[in-house]
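K.L.:
okay, predicted coordinates and the sequence, questions at the end:
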Amino acid sequence: MNMKNRKTSASSIILKIFLVILAVIFATPLYITLINIFKSTKEISSSPMSFPLPPILDNIIKVIKNPNVNLGEMYFNSLCITIFGALICILVSALAGYYLARMKSKLSQGIYIYFLLGLMVPYAIVYVPLVSIFKGIGLVGNLPGLIMVFVSGSISFSVFMYQGFIKSTPVELEEAAIIDGAGQLKIFTAVIFPLVKPCTTTVAIFIGLSMWNDFLTPLLIGQIKTITVGIYTAIGPYASDWGSVFAYVMFATLPIVIAYLLAQRQFIEGLTAGALKG
Amino acid sequence: MKKKSILFTVPAFLIYTVLMIIPIAGAFLLSFTDWNGISAAYNTVGFKNYVDMLSDERLRNAIFVTLKITAVVAVTVNVLGLFIAMLLNRAKRLTNVFRSIFFLPYVLSTVAISFIWLAILSYTGVLNSLLEMFGMGNLAADYIGNAKNAIRSICVIEIWRMLGFHMVLYLASIQTVPRELYEACIMDGGNRWQQFRYITIPMIIPGITISVIMSIMTEMKQYDIVKVITNGGPGYSTETVTYNIVTQAFGNNMLGYSSAIAVFLFLIIAAVSILQLQLSKKLEVS
Amino acid sequence: MKKKLVSMLLCMAMAATMITGCGDKKAGDDAADTADQSVQSTQTETAKPQETAAKEESSGDDITLTWAVFETDNYTAEVWQHIIDAFESDNPGIKIEKVLMTGDSRPQFLKTMLSAGNMPDINIDPVDLASTEGVYAEVPEELLAKYEDSSVVSFDGKKTLVPAYKAYRTQVYYNKAQFADAGITETPKTWDEFTAVCDKLQAKGYTPLMGVGASDLWATAFGYWTGVVNSELYSAYPNFNRDILDGKLSWTDKVLSDTLKSWQSLTKYYHKGSMSFSNTQATSEFMSGSAAMFMDGAWSAPTIDNSTEYSADDFGTFMMPTPSGAKTYCTMPQYWGVAETCKNKEAAFKFCEYVLGGNPDIYKYYLQADGTFSVTKTPVTYDMGPVQTEFIKNLEGYELVPEAMKLVGDDAFPTGFEDYTLKSLQNIFTGADVDKELSTWDAEMQRLGAQK
């Protein structure tokens, strides 16, 4: 609109420059990480900001060859946890969210608050009692157990999101389905679930991300080697071998970065639009 | 509307109750014991753990450290985030690029971030090397091993990590404000600042609330970065409450006591969240 | 419906796998099955035999034991594998599965494994948990008879640890070239000579001392504590640990206070970046010449000897002089433990016996890796490099005393106390009031001791 053009002047250029400077400062650590993967540790210490010419692959090869680091296993663990954890959580939370959004009873409200309690818990509280319970069910130290732990940790947020989102969808579609004689479950699968796709995307990304990056939980519950725990251990005594450190970091973050770059819009819009709807 | 079967909530309810609520209740009960986490026997000691907490200097320090970090990071991230969001809102074409750059740190794992920053902040690391390159070698400092700097470093890292997220949140929030309101304001002769204060802010109160609550909750549970970079040190200067809990539990074999601390933390976070929600309800524009 | 979401996630997954070329694991199928079913029947979940880190009972003839190890510059994966291979070829029917202790706190790792029911069968560095009853199994007397009497320890009468080796603690490593350049012709023998050396180095523009900090909390005070403080305490009070535990002495003792104050007088000689270096970083900084001296552990001697980057002839070592002139040194005994939960204790003890003396070549190999020394009644020795040889030679004329913080058994300090003191010592190093810090130690020891 026209009124904006008045202001396309000195102040807005200054602000743009400010933005650029800020962005550069922000991106610097990432730039440093990227270029230093391909430099030897000595070169990193002496000239940290220089572009690697020629780039060397020694660091990466060292990580792959490290007998203690089974990248395949670590990726597998992290992926399993993330994918299955997210799937299960989404399923059960959407179901619950549907009920909570459509039923306006006191009971429904109570259950909703019950689910929200989990958001305020520092997860550290839960570890040891959790492990004791797990021992009884036989789920300790293995992948399914860890997956269920992550699921339970994400339910609060997911229910919160689904409840809010479903609430804001029109009921007409459901009512039409009811008139057509559809049962409750059918309504859910045929009508509701497709409708909340944006929310599902949001939730999937949000909890998937937190499951992938989680460090403390796999460490304390059964010592499962996810990628984050794995690199923490592998780097451990060699933390001053900067070349290796950056290579490890690359392995840990590459999948996420790639997924992020590919699905950027979904990531960002999903994460924030969802948070706002709540 | 037809009644929905409560069965819909059953799967979530089960998983959540068994794996979340029951352990929390368990932790709550544990806080009244002196269990050491290993042997089978333990005693119930009533409120002893809670009383001990009052005189625990190390805990008091941890609370202080956590509050400091939370305050600094939450304020910076929200104020700066909002400011940058306002800027980006008008940048149009380049918005996406900036958004990607600012947001990327949030997506990375905290352990990876810690190692990256360790390489930067170490005394012989990137930052000091850069200072030397530019002839400012005398400004080189110890950003990790010096108590005052260590906390600042942690704050900086957290801000770097979280700023993008909050900025994007505010950006989306701002974009929900209807244009007509701004137009009306301008026609009434309002300048930029007045637009901001009387239209933008009130309309994005829900977004502000969520952003602030999230930043507070995230920082109060701070553990990963502290653990990897300073291990709570030097001394106790960067020990956060969560770090304290984990140390007491697994380091000192005092699980009953650490559960009491954890329950305490939970109550604080809950209280802060509830207060925030009440406050925002009052400020909300329907 | 879910299709789009699933396909998107699968896309990401495929992208990730293609990049890293990860392998497949059979266990993945099991995990998938259980995960799907759990949605329907959380309650009826049964314990499926999953791939776990715990031991598996022998199906057939093979017994598999899990062995918890840790890695350092010296204890590399090759070292452990060599030991495992040797044992397995001499003992068909027993397989050893290596479990790498994650994180940086070995006791913490073991404790989480213990509470998860996954305790590895054989543990290295079990000392922390050994003080709790029922964690480790009692060692057969015939096995214990092979070791020096002084190395055998008991907890409430129970002998649950197998002696592994003894390690010397610390000396001052120094850079010969820098010393020569600063005009220092002899290594210092007294405290005053030591400070004089520091001054000479500083005058020539060298940094006298290297320090450690960052996340290696244990390392800041390590050299000074084991090399100086421990000596002063034990020469003044031959029964220090017992006396303190019985209440006859307090941590505010003048000897301790004075010795720590002497340490504070040295802080001006330390490298400015010390507190931001991890231990490995500090070591490599020292070796590259950033400082002239470094109070480091005995493990560095073989590291320097075996270094491919630097020549061992460039470095030397000497005993750190103490303010009072006391000439003592301490050793840290290390042990192995067999978990009480182990299902094949006989095989487990067989493994211990094999590595720790039973096969002299393997024992020598193990000891040589980290530069430690045998505790078997018939000693096992090996050829040492120049720095390590000098290290051992320096001990002549010094008296052996226990190391307060590392004492095992009934005279040991409560769990968590050592960590407390390490943090406090860091505070002292960065300038805190010594007496004020020490005044908190007694109370903390009481508090932790009450927790059994």
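P.N.:
Thanks, I have it. Residues are numbered from 1 along each chain as shown, chains lettered A, B, ... in the order given.
K.L.:
any low-confidence regions in the chain?
P.N.:
If you meant another chain, say so; for now it's chain A. For chain A, the stretches with pLDDT under 70 are A:1-9, A:45-48, A:67-68, A:122-125, A:128, A:131-141, A:221-223, A:236-240, A:267-278.
K.L.:
um, chain C though
P.N.:
Ranges of chain C meeting pLDDT under 70: C:1-61, C:102-104, C:116, C:452.
K.L.:
cutoff 80 now
P.N.:
Scanning chain C for pLDDT under 80 picks out the ranges C:1-61, C:71-74, C:102-109, C:111-118, C:131, C:215, C:409, C:450-452.
K.L.:
which residue does it have closest to chain B?
P.N.:
C:M275 (2.0 Å; C-beta to the nearest C-beta). Where you see a C-beta, it was placed from the backbone N, CA and C, and this is true even at glycine.
K.L.:
residues near that residue, how many?
P.N.:
C:M275 has 26 neighbouring residues, counting by other C-beta atoms under 10 Å in any protein chain shown.
K.L.:
quick one: residues contacting it.
P.N.:
B:142, B:144-146, B:234, C:211, C:213-214, C:220, C:429-430 (C-beta atoms under 8 Å, 6 or more residues apart in numbering or on different chains).
K.L.:
can you list the domains in chain A?
P.N.:
Under the assignment automatic domain parsing, the domains of chain A span A:2-62, A:65-277.
K.L.:
these: which one's closest to B:M203?
P.N.:
domain A:65-277 (11.8 Å; C-beta to C-beta).
K.L.:
can you give me the strands for the stretch 151-300 of chain C?
P.N.:
C:162-168, C:170-175, C:209-210, C:293-297 (DSSP state E, counting those that start in this stretch).
K.L.:
adding mean neighbour count and distance to chain B, write the ones you listed out as TSV.
P.N.:
Converted to TSV, the strands of the stretch 151-300 of chain C look like this (neighbours: other C-beta atoms under 10 Å in any protein chain shown; distance: least, C-beta to the nearest C-beta, whole Å):
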stretch	mean neighbour count	distance to chain B
strand C:162-168	24	20
strand C:170-175	25	17
strand C:209-210	24	11
strand C:293-297	26	15
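K.L.:
just put the ones you listed in JSON lines and tack on distance to B:P23.
P.N.:
Converted to JSON lines, the strands of the stretch 151-300 of chain C look like this (distance: least, C-beta to C-beta, whole Å):
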{"stretch": "strand C:162-168", "distance to B:P23": "37"}
{"stretch": "strand C:170-175", "distance to B:P23": "44"}
{"stretch": "strand C:209-210", "distance to B:P23": "45"}
{"stretch": "strand C:293-297", "distance to B:P23": "41"}
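K.L.:
to B:I157, which of the domains of chain A lies closest?
P.N.:
domain A:2-62 (9.1 Å).
K.L.:
middle-most residue in the chain, spatially?
P.N.:
You didn't say which chain, so I picked chain A. Closest to where the C-alpha atoms of chain A average out (C-alpha atoms, centre = their mean) is A:L209, at 1.0 Å.
K.L.:
oops, I was thinking of chain C
P.N.:
Nearest to chain C centroid, counting by C-alpha atoms, centre = their mean: C:D125, 7.3 Å.
K.L.:
please look at A:I187 and A:A176 and confirm they touch.
P.N.:
No. Counting by C-beta atoms under 8 Å, A:I187 sits too far from A:A176 to count as a contact (9.8 Å).
K.L.:
of these two, which one has the most company?
P.N.:
Between A:I187 and A:A176, A:I187 has the larger neighbour count (other C-beta under 10 Å), namely 21 against 12.
K.L.:
anything in the helix or strand harbouring the more buried one near chain C?
P.N.:
Assigned by DSSP states H and E, A:I187 belongs to helix A:184-187. No. Using C-beta under 8 Å from any C-beta of the partner chain, we find that helix A:184-187 stays clear of chain C, coming within 12.1 Å at best.
K.L.:
ok, then the element right after that helix?
P.N.:
Following helix A:184-187 toward the C-terminus (DSSP H and E): helix A:193-195.
K.L.:
excluding covalently adjacent residues, which one is nearest to residue 107?
P.N.:
No chain in the question, so chain A it is. B:I6 (7.8 Å; C-beta to C-beta, 6 or more residues apart in numbering or on different chains).
K.L.:
my bad, the chain I had in mind was chain B
P.N.:
A:Y260 (5.0 Å).
K.L.:
for B:N253, same thing?
P.N.:
Per C-beta to C-beta, 6+ apart, closest to B:N253 is B:N36, 4.1 Å.
K.L.:
in contact with the one you found, which residues are there?
P.N.:
Counting by C-beta under 8 Å, 6+ apart, B:N36 has contacts B:42, B:253-256, C:132, C:451-452.
K.L.:
and those, which two are the farthest apart?
P.N.:
Longest span within these, C-beta to C-beta: B:G256 and C:T132, 15.1 Å.
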